[in-house]
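1. Fold the following for me, if possible:
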Amino acid sequence: MSDVQDIQTLINMYSDASGPKNWDQLVATFAEDGTWELLGTPHKMKGHTEMRAGFPALADDQERDPRHHLAPVPAQ
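-> Residues are numbered from 1 along each chain as shown. Predicted structure coming up:
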């Protein structure tokens with residue numbers, strides 16, 4: 001598979017997971033040591049374990065639903 005196809009597959013997987021709150025699939029779109037951060041807030045999760053616990057908790061608060069706040073940020 002080409003890099004372009006790999007990237008498109010990842011985008012599709014993320015999109016498919018974010019609608020129905022499929023947290024395991026959503027977490028799988030991040031690297032094991034990936035970081036999710038809601039800029040301007042104290043919400044930050046590093047790694048799959050924190051994300052798996054944190055995404056459902058944030059989704060319970062409709063204003064902080066992580067599915068509506070995720071955006072790519074370049075790695076430093």
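2. ok now the longest helix seen in the chain, how far from the chain's centre?
-> The helix that spans the most residues within the chain, counting by DSSP state H, is helix 3-18. Relative to the chain's own centre, helix 3-18 is displaced by 12 Å; criterion: CA atoms, centre = their mean, to the nearest Å.
3. Report the buried residues of it.
-> 14, 17-18 (16 or more other CB atoms under 10 Å). All C-beta atoms are positioned from the backbone trio N, CA, C, and that covers glycine.
4. Do a quick rundown of the helices in this protein.
-> Under DSSP H, the chain gives helices at 3-18, 23-28, 47-60.
5. quick one on the thing from earlier: which other helices and strands contact the longest helix of the chain?
-> The contact analysis (3 or more CB pairs under 8 Å, 6 or more residues apart in numbering; DSSP states H and E) places helix 3-18 against helix 23-28.
6. quick one: the helix it packs on to chain centroid distance?
-> 7 Å.
7. Next: stretch 37-51.
-> 9 Å.
8. List the buried residues for it?
-> By neighbour count with 16+ other CB under 10 Å, stretch 37-51 contains the buried residues 45, 48, 51.
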